[in-house]
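Participant: can't give you the sequence, but here's the structure:
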């Protein structure tokens, strides 16, 4: 059983917390009904994203075998057969889409778009320079939109832009880390890495990092009648710079999830951001 749970990559579910974006930035997180809907939407994304990971593992079987870490994954290591992996993937898709259909027809549409986007990514776009990372960023935007749809909250354009650029930042940092760590074996693992260079990725990462800070700042300035939310800018700036430090000095950029879950600096920063944002939202109109 453990090998099938491992195949779902539950550690990667942290990415689906973007679904909570809309409810966090509204006062609806105090409403049980709204919170329940968002939790179910989160679980739906967890299941559909796990199905996508299984599809990727099947498609990238040979490349994963030469990767120092990915070769230990259930399919690449031979612990789970391709047949059983496909069965698990289908079950996850059915449960996810059924839950979405029960919640909100628009959530169902978003999940279908998310899955189709990932199918296109897996079989085509992942081999196209720049579009590979942009495709991943679209997945994060769909998560945020889904969180707003299920509780009928209109999202600020600045939050959408902020989500886009922070996901681009994580994506380009991951590509750079793969180039650094895999060196001569980089293209054996991911052919698209032959079209990138560390300098190019470093330059573009710096640009999107700066844009993320700008768009979040604009959100905190324009989205509320008060300006107290601008206090939270310091946590966003520190978090981005801390992640940049981890990828450049500690070589943790290959797994954004690992960096977020294991680094005390980022964990404390996220907690303080959440507490500060909640207090400001609750105490202001």
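Facilitator: Yep, it's here. All values derive from a computational prediction rather than experimental measurement.

Participant: show me what contacts residue 46?
Facilitator: Contact analysis of residue 46 by CB atoms under 8 Å, 6 or more residues apart in numbering lists 10, 13, 16. Bear in mind the C-beta positions are built from the backbone N, C-alpha and C, glycine included.

Participant: so what pLDDT did residue 26 get?
Facilitator: Residue 26 is assigned 81 on the pLDDT scale.

Participant: same thing with residue 190?
Facilitator: pLDDT, residue 190: 69.

Participant: lowest average confidence, helix or strand, in this structure?
Facilitator: Among the helices and strands of the chain, helix 186-189 carries the lowest confidence by mean pLDDT, DSSP states H and E, at a mean of 59.

Participant: residue 198 touches residue 176, doesn't it?
Facilitator: Yes - assessed by CB atoms under 8 Å, residue 198 is found in contact with residue 176 at 5.8 Å.

Participant: more neighbours: these two, which one.
Facilitator: residue 176 (24 against 12; other CB atoms under 10 Å).

Participant: mind listing residues that contact the host helix or strand of residue 246?
Facilitator: Taking DSSP states H and E as the criterion, residue 246 maps to helix 233-249. By CB under 8 Å, 6+ apart, the list of residues contacting helix 233-249 from outside reads 166, 169-170, 173, 176-177, 205, 209, 212-213, 216-217, 220, 252-253, 256, 259, 263, 265-266, 269-270, 272-273, 276.

Participant: so what are the domain limits for this protein?
Facilitator: The record's domain parsing of the chain by automatic domain parsing lists 1-154, 156-285.

Participant: which of the ones you listed comes out lowest on mean pLDDT?
Facilitator: The weakest mean pLDDT among the domains of the chain belongs to domain 156-285, with a mean of 86.

Participant: contacting residues for the closest residue to residue 29 other than its chain neighbours?
Facilitator: Once flanking residues are discounted, residue 29 sits nearest to residue 23: 4.8 Å by CB to CB, 6 or more residues apart in numbering. By CB under 8 Å, 6+ apart, the residues touching residue 23 are 29, 34, 35, 38, 147, 151, 153.

Participant: repeat that with 6 Å
Facilitator: 29, 38, 151 (CB atoms under 6 Å, 6 or more residues apart in numbering).

Participant: which residues of the stretch 51-200 of the chain fall in strands?
Facilitator: Counting by DSSP state E, counting those that start in this stretch, the stretch 51-200 of the chain forms no strands at all.

Participant: top of the contacts of residue 23 by neighbour count?
Facilitator: residue 38 (26 neighbours).

Participant: nearest residue to that one other than its sequence neighbours?
Facilitator: Leaving aside its chain neighbours, residue 38 sits nearest to residue 23 (5.0 Å; criterion: CB to CB, 6+ apart).
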